[in-house]
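# Okay, here's the prediction I keep looking at, along with the sequence it came from:
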Amino acid sequence: AWLTAAQANRGVNDSLIVPIVDYLERHGTPAEQTEALLLRARSLEWRGEMEQAQQVYSQALQAALESGDPRMEMRCRQLLTSFYLQRTYLKDEGAQTARRFLQLAEACRDTAALALAHMYMGRLYFAAIHEDTLYNRPEEGVEHFRQATRLAVLAKDQYLEMQSKYELAVLYMTLQQPFEALPLLKETKDYLSSQTPDSKQPILISLIQTYLQLDRPDTAQVYIDEAMTLPDRNNMRYHIYDLLFQYYRAKQQPERSAWAADSMRYYQPMVMKQQLSKQVAEVKEKYANEQLAEAHARVSQERNDSILIGAAVAVALLLIIVFGRKAYRDRLHRRERQLHEKETTIHSLQTHLEEEKAHAEEMSGHLSELEAREQELSHALTNDTELMQRLRKEPKFLNDPEWDKLKAVTDRVYNGFTTRLHERFPQLTEVYIRYCILIKLRFTVSQIAILMAVAPSSVSQQKSRIKKRLQQAEESTFAEGESLDEWIGKF
């Protein structure tokens, strides 16, 4: 009974989960042991410990494979597929696991599981980009969702049926087919909102976007008013005004566009300020840790050198006493030779110390250069106040002279940024260079979309392509797991 409650309720305390898991791992059947590992993995996932959760999910899958029970393997594949599909960086693993889940559901003749597997397969087409093999075959994703709906009806699972229809509607929206998406959204709105209240917000956003695609802003306003009564989670209000801004800008209505842009700025600055403060704090902490580590290393090296020199002197004195006066000349020669070696060692240490001092001075010079560059950036931005303020307040598609001016400012402030980027990655096109300039100048995704005259989703896709090309050119790029924005900010 506790195991069932823990699987269905995220609010169950770990003090109840952990004893159950430990007991079943020691005394349970293979199926119960697999369930225990799955329960532990889900608990870790709920707490946000994703790496550990992925490891425990893998252990559960291995236990299911060893037990030879296809239904236990199917259950593991189901939860693993859901885990992978929520994280875009694991979409390859998600695709492989989803296909295996589909095969097992067909073999076990489990209609509900088969419906869920088809829905998971359809989700693979949401995040597809140009480089993916699925990108040019969206009709396959549509067919998977339709198959999931039919199977859910056979399984008499109304929630799964409505969820499949809603996700099919989202795929239609992605394909710019609002007429197909609208009836599905209307059909699923009330049911899904009553079953899972958290889903009401994304459903309303989808309806707003669909009606704007259909050029029916008055009807969209009805759902905007309803959405505004909900708590503002995940920057919902910002996304609504972003949709309105894109719509009015496309309709060439400057007054309405300006109103939507002002509303976007009202909900955006606090998020940007928090992100910037976090980045600055991380840089300061990293620099302080590096300085502390270097100081500890120098002190340790000097202590070891002092011990080594002291030990050498003690050995030399002991040898002089043991051999006595008879070998005085030999000992004297040896002593002179040892002294010469010590002088060489001391000279080497002094040289090393001078190099360390020179390195410290060089680091100080770099710091001064960074401060000077920051002042130069401030000066450059001050000189171009009119252009920069205009671009941030009222972004618009830039012509070639404006791009040349923006590129010149970036190269002057950031030490030939575009030249260095092109020399290191010659395969980057001029369009990609322009995206990198806007990222370097910390324009938001929505601003970049306006400046490049594309949709915000296209900006995210272009970022993914740029990052992939950089990784193809140099495999060591993004080795520390940083994002494209962080990497360009450091470049």
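Now that the structure is in, tell me what you want to look at.

# Name the SS class of the residue with the largest distance to the centre of the chain, please.
Distance from the C-alpha centroid of the chain peaks at residue 326, with 76.7 Å (C-alpha atoms, centre = their mean). Secondary structure, DSSP: H, G, I helix; E, B strand; the rest coil: residue 326 is coil.

# going forward, begin numbering at 259 instead of 1
That works, and once the first residue is 259, the last one we named lands at residue 584.

# Roughly how far does it sit from residue 592?
Using C-beta to C-beta, to the nearest Å, residue 584 is found at 14 Å from residue 592. C-betas here are computed from N, CA, C, even on glycine.

# what does residue 573 give?
Counting by C-beta to C-beta, the gap from residue 573 to residue 592 is 11 Å.

# neighbour-wise, which of those two wins?
Each of residue 573 and residue 592 has its neighbours counted (other C-beta atoms under 10 Å); residue 592 has more, 15 against 11.

# List the contacts of that one.
Taking C-beta atoms under 8 Å, 6 or more residues apart in numbering, we find residue 592 in contact with 574, 577.

# elements contacting the helix or strand where residue 372 lies?
Assigned by DSSP states H and E, residue 372 falls within helix 369-381. Contacting helix 369-381 under the criterion 3 or more C-beta pairs under 8 Å, 6 or more residues apart in numbering; DSSP states H and E are the following elements: helix 328-343, helix 349-366, helix 396-412, helix 416-432.

# Mind listing what's buried along the last one?
The one in question is helix 416-432. By 16 or more other C-beta atoms under 10 Å, the buried positions in helix 416-432 come out as 418-432.

# Please apply the same query to stretch 594-609.
For stretch 594-609, it's none, nothing buried (16+ other C-beta under 10 Å).

# And that stretch, how far out from the chain middle?
The chain centre lies 53 Å from the centre of stretch 594-609; the measure is C-alpha atoms, centre = their mean, to the nearest Å.

# CA atoms of that stretch as CSV?
Provided in CSV are the C-alpha atoms of stretch 594-609 (Å, rounded to 0.1, in the frame of the first residue of the first chain):
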residue,chain,number,x,y,z
GLU,A,594,82.4,22.0,-3.2
ARG,A,595,80.5,20.0,-5.7
GLN,A,596,77.5,19.7,-3.5
LEU,A,597,77.6,23.4,-2.7
HIS,A,598,77.7,24.1,-6.5
GLU,A,599,74.6,21.9,-6.9
LYS,A,600,72.9,23.8,-4.1
GLU,A,601,73.8,27.1,-5.7
THR,A,602,72.3,25.8,-9.0
THR,A,603,69.2,24.7,-7.1
ILE,A,604,68.9,28.0,-5.4
HIS,A,605,69.5,29.8,-8.7
SER,A,606,66.8,27.6,-10.3
LEU,A,607,64.4,28.4,-7.4
GLN,A,608,65.2,32.1,-7.7
THR,A,609,64.5,31.9,-11.5
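
# pLDDT on it, on average?
Stretch 594-609 comes out with an average pLDDT of 83.

# Quick one: residues in contact with it.
563, 567, 570-571, 574.

# redo that, cut-off 7 Å
563, 567, 570, 574 (C-beta atoms under 7 Å, 6 or more residues apart in numbering).

# show me where pLDDT drops low in this protein?
Applying pLDDT under 70 to the chain flags the ranges 259-272, 346, 384-393, 527-542, 544-546, 618, 622, 625-626, 628-645.

# Helix or strand for residue 685, just tell me which one.
With DSSP H and E as criterion, residue 685 is part of no helix or strand.

# go on, the one 10 residues further on?
Residue 695 belongs to helix 688-698 when elements are defined using DSSP H and E.

# buried residues in that helix?
Using 16+ other C-beta under 10 Å as the test for burial, helix 688-698 gives 690-698.

# and the closest residue to residue 465 other than its chain neighbours, what does it touch?
Excluding its sequence neighbours, the residue lying closest to residue 465 (C-beta to C-beta, 6 or more residues apart in numbering) is residue 481, at 4.7 Å. By C-beta under 7 Å, 6+ apart, the contact set of residue 481 is 462, 465-466.

# Quick check: the gap between residue 481 and residue 588.
In terms of C-beta to C-beta, residue 481 sits 100 Å off from residue 588.

# Likewise for residue 672?
For residue 672, the distance to residue 588 - C-beta to C-beta - is 66 Å.

# Which one of those two is surrounded by more residues?
Neighbours were counted for residue 672 and for residue 588 using other C-beta under 10 Å; residue 672 has more, 21 against 10.

# tell me what the strand or helix carrying residue 517 is packed against?
Using DSSP H and E, residue 517 sits in helix 512-525. Using 3 or more C-beta pairs under 7 Å, 6 or more residues apart in numbering; DSSP states H and E, the elements in contact with helix 512-525 are helix 494-508.

# Mind listing what's buried along the helix it packs on?
Applying 16+ other C-beta under 10 Å to helix 494-508 flags 494-507 as buried.

# re the thing from before, same list (the buried residues of helix 688-698) but as CSV, adding distance to residue 365.
CSV is the format used below for those (distance: C-beta to C-beta, whole Å):
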residue, distance to residue 365
690, 46
691, 51
692, 51
693, 46
694, 49
695, 53
696, 50
697, 47
698, 52
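
# Can you tell me which of those is nearest residue 373?
The closest of these to residue 373 turns out to be residue 693 (C-beta to C-beta; 40.4 Å).

# ok, that closest one - contacts?
Counted by C-beta under 7 Å, 6+ apart, residue 693 has contacts 706, 720, 724.

# from memory the first one sits against residue 696, does it?
The one in question is residue 706. Yes. Between residue 706 and residue 696 there is a contact at 4.8 Å, judged by C-beta atoms under 7 Å.

# so who does the nearest residue to residue 672 once chain neighbours are set aside touch?
Counting by C-beta to C-beta, 6+ apart, the nearest residue to residue 672 once its immediate chain neighbours are dropped is residue 698, at 6.5 Å. Contact partners of residue 698, counting by C-beta under 7 Å, 6+ apart, are 668, 672, 675, 746.

# what about residue 582, distance to residue 588?
From residue 582 across to residue 588, the span is 11 Å (C-beta to C-beta).

# Look at residue 468 and say how many residues are nearby.
26.

# Might you report the residue contacts of it?
431, 436, 439-440, 443.

# So which of the residues you listed sit within helices?
431, 436, 439-440, 443 (DSSP state H).

# for stretch 361-379, which positions count as buried?
Buried residues in stretch 361-379 (16+ other C-beta under 10 Å): 362-363, 368-369, 371-379.

# same question, stretch 564-578
In stretch 564-578, counting by 16+ other C-beta under 10 Å, buried: residue 578.

# CA atoms only for that stretch, dumped as CSV, please.
Taking C-alpha atoms only, stretch 564-578 is exported to CSV below (Å, rounded to 0.1, in the frame of the first residue of the first chain):
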residue,chain,number,x,y,z
SER,A,564,63.3,24.1,2.2
ILE,A,565,63.0,20.5,3.6
LEU,A,566,64.9,19.1,0.6
ILE,A,567,67.8,21.6,1.1
GLY,A,568,67.9,21.0,4.8
ALA,A,569,68.1,17.3,4.3
ALA,A,570,70.9,17.6,1.8
VAL,A,571,72.9,19.7,4.1
ALA,A,572,72.5,17.3,7.0
VAL,A,573,73.6,14.3,4.8
ALA,A,574,76.7,16.2,3.7
LEU,A,575,77.7,17.1,7.2
LEU,A,576,77.2,13.5,8.3
LEU,A,577,79.5,12.2,5.5
ILE,A,578,82.2,14.7,6.5
